[in-house]
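Colleague: my questions concern the predicted model and sequence given below.
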Amino acid sequence: MQLTQQEIVVLRKTFLFHRLSPAAYMKLSEQNLYGAFRAELRTGSQLEYPTEDQNYLGVVIAGELTELRQPAFADRPLSEGSVIGVMDLFSRERGPRNEIVAKTRSRVVFFTAQQIRELFDAYPGMMMRYINFLTARTQELRWEYLMAATPSALDRIRKYCVAQMDENDMVTMPRSMSELAERLHMSRSTLYRCLEQLEQDGVLQRQGRGLHILSPQSLKERSAESCE
């Protein structure tokens, strides 16, 4: 399979391909990539991998899809430039894959693990970007599991503050309360209500876009108790 100009343009937006040289993109567009696969999906159809006997890395070229995850975790939206299969690409054990459904007409290009290895050999910087992505994704998954194991909204905020608190006992808030609420897997109204409760309890004080932790030690102890 040869990559189209549109596919090359989208690949340049992904974390893995975006720093390749113009000559590298030219080479990619000229190569006949044996084993690469282009999947075209209708609205509502499920994404199918080329074969089940090996791992692939997929890049969404066009459209919108949704990765359906376990009930405790939010479904993951996939759009142009999103990458699929990164965590399992070089795994020797092929476990069950999450179902991915197209919300609109979509196209995904798959690369084999061997093709990605060959790209790593040709362009070593790609391997470091891959490792950086895996590290960030692992941290994100660790946080998601922590939130899923913490049913209390107050305890989720306590754990967030402990994780984000700096040497001045300050927590810098995200750009919006909606962003923080999404990260903590709760509604904005619940977030506001819990922050008010923690202020009334003398745990923290809101200061602009930050939180001043008034009792860091008790916050850490309470956060540790909620893990037991």
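Modeller: Cool, the structure landed. Note that this is a predicted model, so its numbers are computed, not measured. Numbering: from 1, shown residues only.
Colleague: quick check: which element contains the residue nearest the centre of the chain?
Modeller: Centroid-nearest residue in the chain: residue 137, 5.5 Å away (criterion: Cα atoms, centre = their mean). Per DSSP states H and E: residue 137 is located in helix 125-148.
Colleague: residue 7 too?
Modeller: In this assignment (DSSP H and E), residue 7 forms part of helix 5-11.
Colleague: now do that helix: everything it contacts.
Modeller: 3, 17-18, 25, 28-29, 59-62, 80-81, 109 (Cβ atoms under 8 Å, 6 or more residues apart in numbering). (Each C-beta comes from the backbone N, C-alpha and C, glycine too.)
Colleague: mind redoing it with 10 Å?
Modeller: With Cβ atoms under 10 Å, 6 or more residues apart in numbering as the contact definition, helix 5-11 has outside contacts at 1, 3-4, 17-18, 20, 25-26, 28-29, 36, 38, 59-62, 80-82, 107, 109, 111.
Colleague: and stretch 27-36, which residues are buried?
Modeller: Across stretch 27-36, burial judged by 16 or more other Cβ atoms under 10 Å covers 28, 36.
Colleague: that stretch: end-to-end distance?
Modeller: Start-to-end span of stretch 27-36 (Cα to Cα, to the nearest Å) is 15 Å.
Colleague: from the middle of its chain, how far away would it be?
Modeller: Centre-to-centre, stretch 27-36 and its host chain are 28 Å apart (Cα atoms, centre = their mean, to the nearest Å).
Colleague: and the closest residue to residue 146 other than its chain neighbours, what pLDDT?
Modeller: Spatial nearest neighbour of residue 146, chain neighbours left out: residue 159 (6.6 Å); criterion: Cβ to Cβ, 6 or more residues apart in numbering. If you check residue 159, the pLDDT there is 89.
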